[in-house]
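Q: I need the structure of the sequence given here:
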Amino acid sequence: MEPPETNTQSFIVKLWLEEIDEDVGRITWRGHITHVSSGERRYLKDLDGIADFIAPYLERMGARLGRRWRVRQWLDGWRLSRMRKG
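A: Reported below is the predicted structural model:
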């Protein structure tokens with residue numbers, strides 16, 4: 001049996017509330033997430049960025065992400081390819 005740390009990924013997430021627009025009921029979150037062992041960091045524009053950052057690490061560990069996640073990845077790739085063409 002492998003030691004638990006070989007199957008563990010650690011992240012530090014720092015979030016702050018940047019703006020509250022009470023007129024339209026919108027809240028803007030900002031922050032960053034850091035992968036502890038590699039030091040890789042990504043700045044966040046929304047809370048969805050947390051899952052976007054963590055997912056590749058989980059996939060490398062053998063996690064199978066659900067259909068919703070795969071569709072979202074496909075849409076993100078499609079949008080990116082359209083922006084490059086346009």
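
Q: residue 33 pairs with what?
A: residue 13, residue 42 (DSSP bridges).

Q: what are the buried residues along the host helix or strand of residue 31?
A: Using DSSP states H and E, residue 31 falls within strand 26-35. By neighbour count with 16 or more other CB atoms under 10 Å, strand 26-35 contains the buried residues 29, 31, 33-35. Backbone N, C-alpha and C define where each C-beta goes, glycine included.

Q: and those, which two are the farthest apart?
A: Farthest apart among those by CB to CB are 29 and 35. That separation is 19.6 Å.

Q: could you grab the helix/strand/coil label for the residue most central in space within the chain?
A: Of all residues in the chain, the one closest to the mean position by CA atoms, centre = their mean is residue 52, 2.5 Å from it. Recorded secondary structure, residue 52: helix (DSSP: H, G, I helix; E, B strand; the rest coil).

Q: so who does it touch?
A: Contacts for residue 52 were tallied using CB atoms under 8 Å, 6 or more residues apart in numbering; there are none.

Q: how far away is it from residue 76?
A: When distance is defined by CB to CB, to the nearest Å, residue 52 is 8 Å away from residue 76.

Q: so residue 15 touches residue 29, yeah?
A: Yes: taking CB atoms under 8 Å as the definition, residue 15 is a contact partner of residue 29 at 5.8 Å.

Q: mutual contacts of the two, please.
A: 44, 47.
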